[in-house]
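Peer 1: Sequence plus the predicted model coming up.
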Amino acid sequence: MSQSASVFRRNGFTFKQFFVAHDRCAMKVGTDGILLGAWAPIARVKRILDIGSGSGLLALMLAQRTESSVMIDAVELDAEAASQAAENVEESPWSSRIHIHAADIQQWLSEENSRYDLIISNPPYYEQGVECGTPQREQARYTTSLDHQTLLNCAANAITEDGFFCVVLPENIGNTFTEQALSMGWHLRLRTDVAETDLRPPHRVLLAFSPRAGECFSDRLTIRGPEQQYSEGYTALTQAFYLFM
């Protein structure tokens with residue numbers, strides 16, 4: 001399918017090099033995932049683990065950003081989402097490098113001996129509260145299916161000594177998550193606070209933790225400039241993916 005024709009495909013999101021169908025996934029393609037997939041550090045990465053892969057967005061973005069020798073495991077609890085992620089991968093240029101696993105991450109890791117240089121997750125972050133429309137959406141949004149303590153433990157058990165574990169969270173929840181991670185022996189190495197504009201406070205935070213201590217680099221990213229166009233920083237980060245950049 002030509003790029004011009006693929007723009008009009010429904011039930012998904014068209015990027016420059018791949019298409020993500022998400023109509024059978026509780027959580028759709030959104031700015032949070034795109035930010036995380038474009039931001040995560042990939043230097044010297046050989047193996048990647050995507051926890052809670054959903055539509056496969058992060059796995060596909062990281063496949064585009066990395067060399068052909070890099071292998072990616074993507075684990076998704078919801079069978080329907082995992083099935084759609086597998087279809088998205090099969091239609092992509094990187095089907096030989098991405099492996100989708102329909103499984104509970106704790107159980108899956110207990111049967112694996114692999115270690116990963118990069119572990120990435122766009123995790124659930126709401127406490128149980130107002131009911132969602134479907135059980136699948138509750139699972140994707142609420143920490144009842146994968147609480148942050150469990151997520152941090154899973155990452156700790158699968159990370160290499162020099163690896164990075166990267167997440168995107170609401171800014172206030174990210175601060176609590178950071179305290180939790182530090183108390184477990186993780187070290188915060190990268191932090192980017194994300195605001196909609198220069199005049200607004202940050203509403204999201206991108207975090208990269210490592211088992212190894214080292215300097216922590218912090219910065220701020222705004223998504224839109226004064227005329228509501230995408231900012232230079234956001235454009236530089238994401239232009240390899242968005243069709244219209």
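Peer 2: Structure's in. What do you need? None of these values were measured; they are calculated from a predicted model.
Peer 1: From here on, just use CA atoms for contacts and neighbour counts.
Peer 2: Fine.
Peer 1: In the sheet, which strands lie alongside the longest strand along the chain, parallel or antiparallel?
Peer 2: Taking DSSP state E as the criterion, the chain has its longest strand at strand 159-170. Paired with strand 159-170 in the same sheet, following DSSP bridges, are strand 116-121 (parallel), strand 204-210 (antiparallel).
Peer 1: Show me the strands in this protein, by range?
Peer 2: 12-14, 19-21, 47-51, 71-76, 98-102, 116-121, 159-170, 187-195, 204-210, 217-222.
Peer 1: among those, which is nearest T176?
Peer 2: Proximity to T176, assessed across those by Cα to Cα, is greatest for strand 159-170 (10.1 Å).
Peer 1: What lies in contact with that closest one?
Peer 2: The contact list for strand 159-170 (Cα atoms under 8 Å, 6 or more residues apart in numbering) reads 32-33, 36, 40-41, 115-123, 125, 155, 174, 203-212.
Peer 1: do you know how far D117 is from K46?
Peer 2: As judged by Cα to Cα, to the nearest Å, D117 and K46 stand 6 Å apart.
Peer 1: More neighbours: these two, which one.
Peer 2: A direct count of neighbours by other Cα atoms under 10 Å for D117 and K46 places D117 higher, at 22 against 17.
Peer 1: Quick check: closest non-adjacent residue to that one.
Peer 2: G163 (4.2 Å; Cα to Cα, 6 or more residues apart in numbering).
Peer 1: where does that neighbour land on pLDDT?
Peer 2: Predicted confidence (pLDDT) for G163: 98.
Peer 1: The one 4 residues further on too?
Peer 2: Model confidence at V167, given as pLDDT, is 98.
Peer 1: Please, where are all the helices along this structure?
Peer 2: Here the chain has its helices, by DSSP state H, at 3-6, 31-39, 57-65, 79-90, 105-110, 135-141, 148-158, 171-183, 232-238.
Peer 1: Output the longest strand of the chain as PDB, nothing but the C-alphas.
Peer 2: The C-alpha coordinates for strand 159-170 follow below in PDB (Å, rounded to 0.1, in the frame of the first residue of the first chain):
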ATOM      1  CA  ILE A 159      17.600  -6.000  33.400                       C
ATOM      2  CA  THR A 160      21.300  -6.200  32.500                       C
ATOM      3  CA  GLU A 161      23.800  -4.500  34.800                       C
ATOM      4  CA  ASP A 162      24.100  -1.500  32.500                       C
ATOM      5  CA  GLY A 163      20.600  -1.500  31.200                       C
ATOM      6  CA  PHE A 164      17.800   1.100  31.300                       C
ATOM      7  CA  PHE A 165      14.200   0.700  32.500                       C
ATOM      8  CA  CYS A 166      12.000   3.400  30.900                       C
ATOM      9  CA  VAL A 167       8.400   4.500  31.700                       C
ATOM     10  CA  VAL A 168       6.100   7.400  31.000                       C
ATOM     11  CA  LEU A 169       3.700   8.500  33.800                       C
ATOM     12  CA  PRO A 170       1.700  11.500  34.900                       C
END
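Peer 1: Now do it against strand 187-195, angle only.
Peer 2: Per axes from the mean of the first three to the mean of the last three Cα atoms, to 10 degrees, the angle that strand 159-170 makes with strand 187-195 is 20 degrees.
Peer 1: quick one: strand 159-170 to helix 148-158, angle?
Peer 2: Between strand 159-170 and helix 148-158, the angle comes out at 150 degrees (the same axes, to 10 degrees).
Peer 1: Of all the residues in strand 159-170, which ones are buried?
Peer 2: For strand 159-170, a neighbour-count test (16 or more other Cα atoms under 10 Å) marks I159, T160, G163, F164, F165, C166, V167, V168, L169, P170 as buried.
Peer 1: which of those residues sit farthest apart?
Peer 2: Spanning the widest gap among the buried residues of strand 159-170 are T160 and P170, at 26.5 Å by Cα to Cα.
Peer 1: That concludes my questions; thank you for your assistance.
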